[in-house]
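In: predicted model and sequence follow; I will ask about them next.
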Amino acid sequence: MLLQLLANGIIMGSVYALVALGFALVYNTTKTFHIAYAAIYMFSSYMVLSFYKFLQMPLLISFLIAIFLTMGLSILIERTVYLPLVKKNSSLNVIMISSIGVMIVVINMIAMFYGNETQILNPNISKSVTFGNIILTHTQLAQLVISLMVIGIFITFLKYSKFGIKTRAMRDDNILCTVFGMNINRMRLSLFGLSAIFAAVGGGLVAYDVGMDPYIGMPMLLNGVVALIIGGVGRFEAPILGGFIIGIMQSLAVWVFSSRWQDAVTFSLLLIFLLFRPQGLLGEKQRAV
Amino acid sequence: MNYIFHILIMINIYVILTVSTNLLVGMTNLLSLGQAAFYGIGAYLAVFALMVLKLPLIPVIILVMIGTALFSLIIAYPSLRLKGDYFVLATLGFQLIVFTILYNLVSVTRGPYGIPGIPAPKLFGVMQISGLVPFLILSLILAIITIFVFYKLVHTPFGRALKGLRDDEIAISSLGRNVTVFKIWAFVISSAFIGIAGFIYAAYVSYIDPTSFNLDEAIFILAAVLIGGTGNIKGPVVGAIFVVVLPELLRFVGFPDSVAANLRQIVYGMSLIVLMLYRPQGIAGEYRLQ
């Protein structure tokens, strides 16, 4: 029983890590508290739904189209909302509030077109495999493998490619990057596009497992943010660690209390970290006070 | 006529919510996403005072104010040490924890089933306040008291100190003022009045359940303040009227209810985006969010 819960926790954690990494990619570099990321996450699962179920396309192709469209949405938001605000020298709070506005607009547009009710992507019960005492469905295995693959590719990319070095430079100092002749606005565009890939892959994978409604984005975003804070703001490996910790903690919460108290455990963890270790587990020492 | 009375009562409730939230957002530059938690705590405390303790009107209000203020103290002290995004996150975490507790502690709050049949409050032990007109008068009086208190507060040395630390925290602390104490007081006063709004809501609707006090409501309250405007009294009042009247207007235009709900949210979202871009002080406010 404990092993099974642990396995479920690790699989859920891999999805949290994926989503948190996308959020961290934007937050660490541009300092944008990208709440609209919740809507981007939800948008991708509805795009998969449209192409796979309504237009009867193959699953893989609908996934790829959904990822591209989600990137488009993210870039559109950056160009029409965030960049004009940054050019006006708006404070980070102003950008966060406008991000809330974007989230509300996108969620309700989707709700208007697709309805408020839950939609199912995969009506069949997924086949399962057994490893000793642990039973995993094929969907769960796909979630684990694809998440780990995307995370792995991205971390390697970040370490060795030129773009990755630029990204880490931007994390350290935006202004200095401009001084050295980097085109910050183009970097921002690529970062927002890239972050949407993480949201889209995560959104598609979860939606294939449990279906979707227009409001699934917010809980996932909150888990991602908690993963980021627990791991530590600043390092890109940190949200991955945080994601797995939250996934496992939530599974254990089911075991110790009941599934109703999952959220309470997650957010108590957030408050504990905010108060006693605001730099997170891996973060560099900095004053959040 | 009853319909108009109902809208006026809702406006009064939201005026109390926005005017007291403005003390944090517009006067002290503390962006709180936990306001619905205090609204909910106020409502549940009011239910406790009315149904279990069977108190009359004025003691209920006093108990709700003190109770909500004490709860806010628990969150104010630790979270006010944090800055910027971290403060917003702390209030958000608190909001979600309070909601989870209200929703899941079924033995105390009846959870998702809600609490029906909340009795009408009694004035001086004789006059029952029930029906639309008495509630309109009660909510109007409480809203006016709230506006009066916050209007006066701005012009006291305390209010000026808050505005000062909003504009330049280091300057105020270099003048020998304890910034944290001022912030805690702002937090506690604001929460105490938000508790009153919870009381009116619970007593007027006579049924509460936790979904009226979730994160969406917290975002909604914050949006109302920011749309109306921050930094003065006029702004939040305009915001409260805007967010309560707008859905009714949309209904008159003839959208079906299912679409109207989403459409109204889209209007709120768009107004937030447009205002942040072109008018960060809101429709009638005077302080540009920093």
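Out: Structure received. Residues are numbered from 1 along each chain as shown, chains lettered A, B, ... in the order given.
In: so residue A:117, which state does it fall into?
Out: Of the three states, residue A:117 takes coil under DSSP: H, G, I helix; E, B strand; the rest coil.
In: isn't it up against residue A:213?
Out: Yes: assessed by C-beta atoms under 8 Å, residue A:117 is found in contact with residue A:213 at 6.6 Å. For glycine as for every other residue, the C-beta is placed from the backbone atoms N, C-alpha and C.
In: the two: who's more crowded?
Out: It is residue A:213, of residue A:117 and residue A:213, that has more neighbours when counted by other C-beta atoms under 10 Å in any protein chain shown, with 18 against 9.
In: quick one, what contacts the more buried one?
Out: A:116, A:117, A:118, A:119 (C-beta atoms under 8 Å, 6 or more residues apart in numbering or on different chains).
In: what subset of these is buried?
Out: Buried members of the contacts of residue A:213, counted by 16 or more other C-beta atoms under 10 Å in any protein chain shown: none.
In: determine which two of these are furthest apart.
Out: Using C-beta to C-beta, the two most remote members of the contacts of residue A:213 are A:116 and A:119, lying 10.2 Å apart.
In: what's the neighbour count on the closest residue to residue B:159 other than its chain neighbours?
Out: Setting aside the residues directly before and after it, residue B:159 is nearest to residue B:153 in space (C-beta to C-beta, 6 or more residues apart in numbering or on different chains), at 4.9 Å. Residue crowding around residue B:153 was assessed by other C-beta under 10 Å; the count is 16.
In: residue B:153 falls within a helix, correct?
Out: Yes: if the criterion is three-state DSSP, then residue B:153 is within a helix.
In: which residues in chain A form helices?
Out: Assigned by DSSP state H, chain A shows helices spanning A:2-30, A:37-49, A:59-77, A:83-87, A:92-114, A:138-160, A:162-172, A:174-179, A:184-210, A:217-231, A:238-256, A:262-276.
In: which helices and strands does the fifth one pack with?
Out: Okay, so that is helix A:92-114. Judged by 3 or more C-beta pairs under 8 Å, 6 or more residues apart in numbering or on different chains; DSSP states H and E, the packing partners of helix A:92-114 are helix A:37-49, helix A:83-87, helix A:217-231, helix B:85-104, helix B:215-228, helix B:257-278.
In: now do the same contact list for residue A:47.
Out: Counted by C-beta under 8 Å, 6+ apart, residue A:47 has contacts A:62, A:65, A:66, A:69, A:70, A:200.
In: give me the pLDDT value at it.
Out: In this model, residue A:47 is scored at 91, pLDDT.
In: gap between stretch A:262-279 and the chain center?
Out: Offset of stretch A:262-279 from its chain centre (C-alpha atoms, centre = their mean, to the nearest Å): 18 Å.
In: quick one, phi psi at the closest residue to residue B:99 other than its chain neighbours?
Out: Distance criterion C-beta to C-beta, 6+ apart; nearest residue to residue B:99, sequence neighbours excluded, is residue B:214 at 5.2 Å. Dihedral angles of residue B:214 (phi, psi; degrees, to the nearest 10) stand at phi -90, psi -170.
In: give me whichever of the helices and strands packed on helix A:92-114 is most buried.
Out: Among the helices and strands packed on helix A:92-114, helix A:37-49 has the highest mean neighbour count (mean count of other C-beta atoms under 10 Å in any protein chain shown), at a mean of 27.
In: point out the residues in the stretch 151-289 of chain A that sit beside chain B.
Out: A:218, A:222, A:225, A:229, A:260-261, A:263-264, A:267-268, A:270-271, A:274-275, A:278, A:288-289 (C-beta under 8 Å from any C-beta of the partner chain).
In: narrow those residues to those that are buried.
Out: Buried residues within these, counting neighbours by 16+ other C-beta under 10 Å: A:218, A:222, A:225, A:229, A:261, A:263-264, A:267-268, A:270-271, A:274, A:278, A:288.
In: and residue B:270, how close does it get to residue B:63?
Out: Computed with C-beta to C-beta, to the nearest Å, the distance linking residue B:270 and residue B:63 is 41 Å.
In: could you work out the most separated pair of the buried ones among the residues of the stretch 151-289 of chain A next to chain B?
Out: The farthest-apart pair in those, when distances are taken by C-beta to C-beta, is A:261 and A:288, at 27.2 Å.
In: which one of the contacts of residue A:213 sits closest to chain B?
Out: Distances from chain B to the contacts of residue A:213, taken as C-beta to the nearest C-beta, are shortest for residue A:116 (7.9 Å).
In: returning to what we had before: pLDDT check: weakest of the buried ones among the residues of the stretch 151-289 of chain A next to chain B?
Out: Lowest pLDDT within those is found at residue A:288 (47).
In: where does the chain have low pLDDT?
Out: All of this refers to chain A. A:284-289 (pLDDT under 70).
In: hmm, I had chain B in mind actually
Out: B:125-126.
In: tell me where it has helices.
Out: Going by DSSP H, chain B shows helices at B:2-22, B:35-47, B:57-79, B:85-104, B:106-109, B:132-154, B:157-167, B:169-174, B:179-205, B:215-228, B:234-253, B:257-278.
In: closest one to residue A:145 among those helices?
Out: helix B:85-104 (31.2 Å).
In: quick check: nearest residue in space to residue A:30, chain neighbours excluded?
Out: residue A:188 (5.8 Å).
In: report how many residues lie close to the one you found.
Out: 22.
In: follow-up on the earlier one: got CSV for the helices and strands packed on helix A:92-114, with distance to residue A:173 too?
Out: Converted to CSV, the helices and strands packed on helix A:92-114 look like this (distance: least, C-beta to C-beta, whole Å):
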stretch, distance to residue A:173
helix A:37-49, 24
helix A:83-87, 16
helix A:217-231, 20
helix B:85-104, 18
helix B:215-228, 31
helix B:257-278, 26
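In: so for residue B:180, which of those helices sits nearest?
Out: helix B:85-104 (12.3 Å).
In: if we can go back for a sec, could you identify which of the helices of chain A is most buried?
Out: For those, the highest mean count by mean count of other C-beta under 10 Å goes to helix A:37-49, at a mean of 27.
In: residue B:166 touches residue B:28, doesn't it?
Out: Yes: counting by C-beta under 8 Å, residue B:28 is a contact partner of residue B:166 at 5.4 Å.
In: quick check: residue B:127 vs residue B:58, distance?
Out: Taking C-beta to C-beta, one finds residue B:127 at 12 Å from residue B:58.
In: thanks a lot, see you next time.
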